[in-house]
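Peer 1: okay, here's the prediction I keep looking at, along with the sequence it came from:
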Amino acid sequence: MKAEPPERLVVPASLAGERLDRALALITGWSRQAVADLIGADEVLVDGRPVARSLRLAGGETVELLSEPGVSAPPTGEPVAFEVRHADPDVLVVAKPAGLVVHPGPGHEHGTLVHGLLHRYPEIAGVGDPARPGIVHRLDRDTSGLLLVARSPVAYDTLVRAMAAREIERQYVALVWGVPDAPRGVIDAPIGRSVRRRTRMAIRAAGRAARTGYEVREELDNRRFALLDCSLETGRTHQIRVHLSSIGHPVVGDATYGGSRADTGVERPFLHAAALSLDHPVSGERVEVHEPLPEDLEALLGRLRGSASPGSVGVAG
C-alpha cells in the first residue's frame with residue numbers, strides 16, 4: 001500500500017537539481033501529469049508561492065500540496081484481506097483493519113477495501129457511487145472497526161437516508177490524553193477544512209454542523225489517560241479526532257491532531273469503531289454488531305492498566 005501523501009514536505013537534498021513535477025511524482029506516487037495539473041492550477045506552493053512545473057529544486061524548500069488529483073477510472077475487484085461480521089443479500093458489516101483505506105483516491109488507486117469488496121461481492125459495482133460502490137460512510141485509514149456497506153441499490157438508498165437522519169447508531173472507543181472535566185458530554189462545534197493546512201480539518205464557524213457525544217469509561221495511569229465511549233450524531237471528516245483535540249484531549253497516537261507522543265508505543269490513533277446498530281433497510285429487523293478492540297490497542301490498555309491509579313473504574317463489557 002502506498003503511503004498517504006503529505007500535505008507539507010521539505011525537499012530532501014537527494015532531489016536537488018530535479019524538476020518540481022518529477023520530484024513530486026516520485027514522492028507522492030501520483031502520475032507526473034497529475035502533479036503537473038495541480039501545479040498549473042496553483043495547488044502546489046514552494047516556499048509559499050505558486051511556481052512553474054519546470055522549477056529546478058535546490059533541496060530544503062518547503063512544498064505545500066493544497067489539493068490532490070482526482071481518480072479517473074472506476075475501481076475493479078482485487079483480493080484484499082478483511083473480515084465480514086454480518087452478511088445478507090442487502091447489507092454487509094465488515095471489520096476494517098487499521099491501515100486499510102476505504103475507497104480509492106489519490107495515492108490509493110489499488111488495494112482499498114472497495115477493491116476487496118468488488119472482488120468478493122462483484123454485484124456491489126452497481127450500488128451507489130461507481131467510484132466507491134456500496135459505501136455509505138467511511139472510516140479513516142488508521143481507524144479500525146465496523147463499516148456498513150450496502151449490497152443492493154434499495155439498501156443503499158435507504159441506508160444513505162438513515163445515515164443523514166441519524167438513525168444509525170455508531171459507537172467508537174477512543175483513548176485520549178488526560179481526563180475530561182465532565183464525565184460525559186456532547187461536543188457541538190462546526191468542522192471545516194483548515195485554512196492554514198488544507199489537508200486537515202478544524203473547528204470553523206463557517207464549517208458544517210458536527211456533534212460528538214462522549215462518556216468516560218475508565219481513567220488510566222493516574223489520570224494521564226482516559227478511555228472514552230464516543231457516539232456520532234454527524235459524520236464529518238476526522239470528526240472525533242478534531243472534536244476531542246479541540247477540548248484539550250487529543251486521541252492518543254494521533255499525529256495529525258496533537259495526540260502523538262513518544263512514550264505510548266502506539267503508531268496510529270487509538271480509535272476503534274466498536275458497535276453498529278440499525279434497522280435493516282429491507283426487513284426492518286434490528287441489526288446490532290459489536291467488534292472487540294484489535295490486539296495493538298488491547299495491548300496498550302493492558303500496559304496502562306498495569307500502572308492504573310486507585311481511582312480507575314472497570315472497563316464495561
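Peer 2: Thanks, I have it.
Peer 1: what score does residue 219 have for pLDDT?
Peer 2: If you check residue 219, the pLDDT there is 96.
Peer 1: cool, and residue 265?
Peer 2: The model reports residue 265 with a pLDDT of 80.
Peer 1: tally of neighbours for it?
Peer 2: Residue 265 has 10 neighbouring residues, counting by other Cβ atoms under 10 Å. Any C-beta I mention is one placed from the backbone N, CA and C, and that applies to glycine too.
Peer 1: what score does the closest residue to it other than its chain neighbours have for pLDDT?
Peer 2: Using Cβ to Cβ, 6 or more residues apart in numbering and skipping the chain neighbours, the partner closest in space to residue 265 is residue 300 (6.7 Å). The per-residue pLDDT reported for residue 300 equals 93.
Peer 1: go ahead and confirm residue 300 touches residue 221.
Peer 2: No: Residue 300 sits out of contact with residue 221 when judged by Cβ atoms under 8 Å, with a separation of 10.7 Å.
Peer 1: part of a helix, is residue 116?
Peer 2: Yes: residue state for residue 116 (DSSP: H, G, I helix; E, B strand; the rest coil) corresponds to a helix.
Peer 1: what's residue 249 sitting at in phi/psi?
Peer 2: phi -130, psi 70 (degrees, to the nearest 10).
Peer 1: how close does it sit to residue 174?
Peer 2: Relative to residue 174, residue 249 is positioned 9 Å away (Cβ to Cβ, to the nearest Å).
Peer 1: ok, the two, which is more surrounded?
Peer 2: A count of neighbours by other Cβ under 10 Å puts residue 174 above the other of residue 249 and residue 174, at 28 against 24.
Peer 1: quick one: that one from residue 228, how far?
Peer 2: Remark: distance between residue 174 and residue 228 (Cβ to Cβ) = 5 Å.
Peer 1: residues shared between the contacts of the two?
Peer 2: The overlap between the contact sets of residue 174 and residue 228 (Cβ atoms under 8 Å, 6 or more residues apart in numbering) consists of 214, 244.
Peer 1: returning to that earlier point: quickly find the element holding the residue nearest to residue 265.
Peer 2: Here residue 300, judged by DSSP states H and E, is contained in helix 295-305.
Peer 1: isn't residue 304 right next to residue 225, touching?
Peer 2: Yes: if you go by Cβ under 8 Å, residue 304 and residue 225 touch, sitting 6.0 Å apart.
Peer 1: the two: which has the busier surroundings?
Peer 2: Regarding residue 304 and residue 225, a neighbour count based on other Cβ under 10 Å identifies residue 225 as having more, with 23 against 19.
Peer 1: need the pLDDT of the more buried one.
Peer 2: The model's pLDDT for residue 225 equals 96.
Peer 1: coming back round to it: dump the residue contacts of the residue nearest to residue 265.
Peer 2: By Cβ under 8 Å, 6+ apart, residue 300 lies in contact with 175, 252, 264, 265, 266, 270.
Peer 1: name only those of the residues you listed that count as buried.
Peer 2: 175, 252, 264, 266, 270 (16 or more other Cβ atoms under 10 Å).
Peer 1: how close does the residue nearest the centre of the chain get to residue 248?
Peer 2: With distances taken as Cα atoms, centre = their mean, the residue of the chain nearest its centroid is residue 140 (1.3 Å). From residue 140 over to residue 248 the distance is 21 Å, taken as Cβ to Cβ.
Peer 1: what about the stretch 51-200 of the chain, any weak spots by pLDDT?
Peer 2: 70-72, 106-107, 198-199 (pLDDT under 70).
Peer 1: can you show me the strands along it?
Peer 2: Shown for the stretch 51-200 of the chain, the strands assigned by DSSP state E, counting those that start in this stretch span residues 62-65, 83-87, 91-96, 144-150, 169-177, 184-188, 191-193.
Peer 1: quick one: strands adjacent to the third one?
Peer 2: What it means is strand 91-96. In the sheet, strand 91-96 lines up against strand 83-87 (antiparallel), strand 144-150 (antiparallel) (DSSP bridges).
Peer 1: quick one, what contacts residue 297?
Peer 2: By Cβ under 8 Å, 6+ apart, the neighbours of residue 297 are 144, 173, 175, 266, 270, 272.
Peer 1: could you check how far it is from residue 150?
Peer 2: 28 Å.
Peer 1: got a markdown table for the strands of the stretch 51-200 of the chain, with distance to residue 213 too?
Peer 2: Formatted as a markdown table, those follow (distance: least, Cβ to Cβ, whole Å):
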| stretch | distance to residue 213 |
| --- | --- |
| strand 62-65 | 34 |
| strand 83-87 | 23 |
| strand 91-96 | 21 |
| strand 144-150 | 17 |
| strand 169-177 | 10 |
| strand 184-188 | 5 |
| strand 191-193 | 15 |
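Peer 1: highest mean neighbour count out of those strands?
Peer 2: Greatest average neighbour count among these goes to strand 144-150 (a mean of 25), per mean count of other Cβ atoms under 10 Å.
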